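> Structure, please.
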Amino acid sequence: MNKTDLLAQLEELARKLSVLVRYEHIESEEAFTPGGICRIMDANVIIIDSRLSRQEKVYTLARSLKQFDLNKIYLRPALREFLKNPKS
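Modelled structure (predicted):
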């Protein structure tokens, strides 16, 4: 599965989980962060640095979505396998 399709499937999974995904320019003087999940006014939001490569966006989104219970949601087998070990 190519990274464009994978990113689209991860974004669809986020929608199923009612998680907003935002791509923004993240500036930090401290240390670089690719993004992650946070709560904003009782809503789960995943913020990802818009300057990342497609592959880095996929890994950042996958890492954030793995924190949710995905057992009761249908996922394509390839996507479920990817979520088990996103760096492979």
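
> what kind of secondary structure is the spatially most central residue of the chain in?
The centre of the chain sits closest to L61, judged by C-alpha atoms, centre = their mean, with a distance of 1.4 Å. Taking DSSP: H, G, I helix; E, B strand; the rest coil as the rule, one finds L61 in the helix state.

> If we ignore the residues flanking it in sequence, what's nearest it?
Excluding its sequence neighbours, the residue lying closest to L61 (C-beta to C-beta, 6 or more residues apart in numbering) is L10, at 4.6 Å. Glycine gets a C-beta too; all of them are placed from N, C-alpha and C.

> Buried residues of the helix or strand where the one you found lies, list them for me.
L10 belongs to helix 3-16 when assigned by DSSP states H and E. Using 16 or more other C-beta atoms under 10 Å as the test for burial, helix 3-16 gives 6-7, 9-10, 13-14.

> and the residue nearest to L61, what does it touch?
For L10, the contact set (C-beta atoms under 8 Å, 6 or more residues apart in numbering) comprises 58, 61-62, 65, 79.

> so can I have JSON lines of the residues you listed showing pLDDT and distance to V45?
As requested, those are exported to JSON lines (pLDDT from 0 to 100; distance: C-beta to C-beta, whole Å):
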{"residue": "V58", "pLDDT": "95", "distance to V45": "18"}
{"residue": "L61", "pLDDT": "95", "distance to V45": "12"}
{"residue": "A62", "pLDDT": "95", "distance to V45": "16"}
{"residue": "L65", "pLDDT": "95", "distance to V45": "12"}
{"residue": "L79", "pLDDT": "94", "distance to V45": "21"}
